[in-house]
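**Student:** coordinates only, sequence not included:
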């Protein structure tokens, strides 16, 4: 799952050097600004066929929480 | 099921699409055409952005992107439109426009309109897209007093924005109307009670017409688009609350495509001619194999009616000024017969401006159609149920629009009309009279016999062929082909199942049944050969050679002859004798044995021909099949 998310985020940021761990948050990654965040969330929803609620999007703190959230929806 | 937002008329982009974008250089020959072809695919968000990057990269080199028309487009709106802007370059390229975008700042619609010095105006746009949503217009709540004040304020706001834009730019304005948000306050009464959001939005959309007219602006019918998709899908409350994006993320590509079409139409890039295949596109069945009494079109059963629907749409297109043409792989007289004599058809010979039914490849015929009508191939739309034909045309003529079609013909009309190839900004008398101005005489354009090198196309089809002797499982289908084949039939000898079974068991006969598959279709059994060995000599006579018309031009017959010769050698045959016995229907195979290298030894006054082939002199043909399976 981390690999798929990493590849999705690399696609959206068009940067193949991005490395993610469960502790990574948006502010840790160069280029992951609010606009990139929109695109990343949209791409993740597209890739995994899930839909996040507003509170889920707001409360997501790092990649690990994103993974847990996706897994809970499948 | 038809999912408009998926744009199913576009083929899906390959998995390596982004790598292909990166590999493109400005020194590509026919760069503009290649970009248009690349864009004529369904791309996800990452792929769309990879294409946008590619376009920006080649644009910066200054290389000509002909035949794409460059265009500077400003995108302004009340919501967050970045994901729309992401999808716009590929959508525009698909319609022949090389777009350079300037995106207005978020939530700065009025300010941008009224401020001469901002970046949007400095970019000197040629088209300005303005998007509104019902929140910005003030239609967030039920107006219990009827909403006259809200309506008036909304109209003033829009007028202020458009007037401000017009003061800052002479560019063409494309303004959206507004989707009615899903849900209801009263239920059935929402339509009737003034002040409901449904009424406020619908009334606004009507009021927008004269306002837009004042500035020469085109209205993009977002309300209609959202309705077709379903407003419950279109309006995503999560995306709105979180990011102020006024439509669902997966609707961005089709919205971009709708906008791109309107922009392209403004540049005269709407298409002009619909070219129709016949078999399994306009009627169920293959006219050459099934005959006029067995094709399915008309009233009376579901399948026949579904083909009527696409004919009705074609006639509607004709009535609004689109030219109709036919391009079919058939004998001319065979293909035209339903147009003349079949009672179930709506399309008649007089509706067709150019009628091409022959055995030359379709791309060559499309070029001939365009030449005859004096239009470019980029004005053509080609409708064909056959994936292999679509692939040939897309590869040879990337500027022709070739929609994907579903397996079920009931959905053909939706696929064709939703693709919006014939988008127009106006409709005039000149348009409605255009069809009549093309003499209703179904012209035939001359094409050369072998105009195109089909080698790589045939290889790309990934065909595999299996040839074996008659066997019990094949008997029924073999007998069917023997008794039905009229056109591609050298001797037209008819045998019943018992006789066919006897051939299979007869050691003095060589029998062959040929099955063909390509990467799109499994054709099943499509060719039969029956050979008789003479016990007194080393001669074999070809009693029957017949094939389905569906698989012509693929070198199947060459592979069959290779197999027959191998078989003949194994039985110590030195000479093969064959015949062409002419009938009213098999004129197309008069030269068949000549084309395979047989020596014509006699020709009678009625056209009957005798041939001989020396087995020892025969050199195998090169054939484009994987793993030919021999007897």
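**Tutor:** On my side now, so go ahead. Please read these numbers as outputs of a predicted model, since none were measured by experiment. Numbers count the residues shown, from 1 in each chain, chains lettered A, B, ... in the order given.
**Student:** quick one, helices of chain A?
**Tutor:** Under the criterion DSSP state H, chain A contains helices at A:2-13, A:34-48, A:54-59, A:63-72.
**Student:** What of the stretch 401-550 of chain B?
**Tutor:** Secondary structure of the stretch 401-550 of chain B (DSSP state H, counting those that start in this stretch): helices at B:412-419, B:429-437, B:455-460, B:475-484, B:497-505.
**Student:** Would you format these as TSV with mean neighbour count included?
**Tutor:** All C-beta atoms are positioned from the backbone trio N, CA, C, and that covers glycine. Written out in TSV, the entries for the helices of the stretch 401-550 of chain B read as follows (neighbours: other C-beta atoms under 10 Å in any protein chain shown):
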stretch	mean neighbour count
helix B:412-419	19
helix B:429-437	13
helix B:455-460	15
helix B:475-484	18
helix B:497-505	15
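**Student:** between these, which gets nearest to residue B:170?
**Tutor:** The minimum distance between residue B:170 and these falls on helix B:429-437, with 26.5 Å, by C-beta to C-beta.
**Student:** Can you lay out the helices of chain A as a markdown table showing mean pLDDT and distance to residue B:146?
**Tutor:** Rendered in a markdown table, the data for the helices of chain A read as follows (pLDDT from 0 to 100; distance: least, C-beta to C-beta, whole Å):
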| stretch | mean pLDDT | distance to residue B:146 |
| --- | --- | --- |
| helix A:2-13 | 88 | 46 |
| helix A:34-48 | 87 | 38 |
| helix A:54-59 | 87 | 33 |
| helix A:63-72 | 92 | 45 |
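**Student:** could I get these as a markdown table with mean neighbour count and distance to residue B:207?
**Tutor:** Formatted as a markdown table, the entries for these read as follows, by neighbours: other C-beta atoms under 10 Å in any protein chain shown; distance: least, C-beta to C-beta, whole Å:
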| stretch | mean neighbour count | distance to residue B:207 |
| --- | --- | --- |
| helix A:2-13 | 18 | 40 |
| helix A:34-48 | 18 | 32 |
| helix A:54-59 | 14 | 33 |
| helix A:63-72 | 16 | 44 |
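**Student:** closest one to residue B:415 among these?
**Tutor:** In this view, those are compared for proximity to residue B:415 by C-beta to C-beta, and helix A:34-48 is the closest at 22.8 Å.
**Student:** And that closest one, how far out from the chain middle?
**Tutor:** On the basis of C-alpha atoms, centre = their mean, to the nearest Å, helix A:34-48 is displaced by 7 Å from the centre of the chain it belongs to.
**Student:** And for stretch B:179-198?
**Tutor:** On the basis of C-alpha atoms, centre = their mean, the separation between the geometric centre of stretch B:179-198 and that of its chain is 39 Å.
**Student:** average pLDDT for it?
**Tutor:** Per-residue pLDDT values across stretch B:179-198 average out to 95.
**Student:** For that stretch, list every residue counted as buried.
**Tutor:** Within stretch B:179-198, the residues that qualify as buried are B:179, B:180, B:181, B:190, B:193, B:195, B:196, B:197, B:198, counting by 16 or more other C-beta atoms under 10 Å in any protein chain shown.
**Student:** Residue B:113 is nearest to which of the helices of chain A?
**Tutor:** Nearest of the helices of chain A to residue B:113, taken as C-beta to C-beta: helix A:34-48 at 22.8 Å.
**Student:** Can you give me the neighbour number for residue B:355?
**Tutor:** By the other C-beta atoms under 10 Å in any protein chain shown criterion, the neighbourhood of residue B:355 contains 22 residues.
**Student:** Who are the contact partners of it?
**Tutor:** B:325, B:326, B:332, B:335, B:336, B:349, B:442, B:443, B:444 (C-beta atoms under 8 Å, 6 or more residues apart in numbering or on different chains).
**Student:** cool, residue B:255 as well?
**Tutor:** Taking C-beta under 8 Å, 6+ apart, one finds B:84, B:87, B:222, B:225, B:247 in contact with residue B:255.
**Student:** Pick out the least confidently modelled helix or strand of chain B, by mean pLDDT.
**Tutor:** One helix or strand of chain B scores below all others by mean pLDDT, DSSP states H and E: strand B:625-629, with a mean of 68.
**Student:** Determine how far stretch B:85-95 lies from the middle of the whole chain.
**Tutor:** Taking the mean of its C-alpha atoms, stretch B:85-95 sits 19 Å from the chain's own mean (C-alpha atoms, centre = their mean).
**Student:** List the neighbours of that stretch that are in contact with it.
**Tutor:** A:39, B:10, B:35-36, B:38-40, B:43, B:45, B:47-49, B:51-52, B:55-56, B:68, B:71, B:73, B:75, B:98-99, B:101, B:103, B:252-253, B:255-257, B:259-261, B:263-264, B:269.
**Student:** just the buried members of these?
**Tutor:** Applying 16+ other C-beta under 10 Å to the contacts of stretch B:85-95, the neighbour count classes A:39, B:10, B:35-36, B:38-40, B:43, B:45, B:47-49, B:51-52, B:55, B:68, B:71, B:73, B:75, B:98-99, B:101, B:103, B:252-253, B:255-257, B:259-261, B:263-264, B:269 as buried.
**Student:** Filter these down to the ones in helices?
**Tutor:** Members of the buried ones among the contacts of stretch B:85-95 lying in helices (criterion: DSSP H): A:39, B:35-36, B:38-39, B:45, B:47-49, B:51-52, B:55, B:252-253, B:255-257, B:259-261, B:263-264.
**Student:** what would the helices of chain A look like in a markdown table with distance to residue B:512?
**Tutor:** As requested, the helices of chain A are exported to a markdown table (distance: least, C-beta to C-beta, whole Å):
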| stretch | distance to residue B:512 |
| --- | --- |
| helix A:2-13 | 51 |
| helix A:34-48 | 50 |
| helix A:54-59 | 65 |
| helix A:63-72 | 57 |
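**Student:** if I pick residue A:2, what's in contact with it?
**Tutor:** Contacts of residue A:2 were listed using C-beta under 8 Å, 6+ apart, and they are A:20, A:21, A:22, A:63, A:67.
**Student:** pretty sure the second one contacts residue A:67?
**Tutor:** Which is residue A:21. No - contact between residue A:21 and residue A:67 fails when scored by C-beta atoms under 8 Å: they sit 10.7 Å apart.
**Student:** Serialize the contacts of residue B:255 to CSV and add fields for secondary structure and pLDDT.
**Tutor:** Written out in CSV, the entries for the contacts of residue B:255 read as follows (DSSP: H, G, I helix; E, B strand; the rest coil; pLDDT from 0 to 100):
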residue, secondary structure, pLDDT
B:84, helix, 96
B:87, helix, 97
B:222, helix, 98
B:225, helix, 98
B:247, coil, 96
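**Student:** State the next helix or strand along the chain beyond the top helix by length along chain B.
**Tutor:** Longest helix in chain B, counting residues (DSSP H): helix B:148-168. Where DSSP states H and E defines the elements, the next helix or strand beyond helix B:148-168 is strand B:172-176.
**Student:** Please name every helix or strand in contact with that following strand.
**Tutor:** Under the contact criterion of 3 or more C-beta pairs under 8 Å, 6 or more residues apart in numbering or on different chains; DSSP states H and E, the helices and strands touching strand B:172-176 comprise strand B:127-131, helix B:148-168, helix B:197-214, strand B:218-220, helix B:252-266.
**Student:** what helices or strands is the shortest one leaning on?
**Tutor:** Helices and strands touching strand B:218-220, by 3+ C-beta pairs under 8 Å, 6+ apart, are strand B:172-176, helix B:197-214, helix B:252-266.
**Student:** Run the chain-centre distance for that strand.
**Tutor:** In terms of C-alpha atoms, centre = their mean, the centre of strand B:218-220 is found 27 Å from the chain centre.
**Student:** Residues contacting it, please?
**Tutor:** For strand B:218-220, contacts defined as C-beta under 8 Å, 6+ apart pick out B:129, B:172-177, B:208-209, B:212, B:258-259, B:262, B:266, B:425.
**Student:** try it again with 6 Å
**Tutor:** Surrounding strand B:218-220, the residues in contact under the criterion C-beta atoms under 6 Å, 6 or more residues apart in numbering or on different chains are B:174, B:175, B:176, B:177, B:212, B:262.
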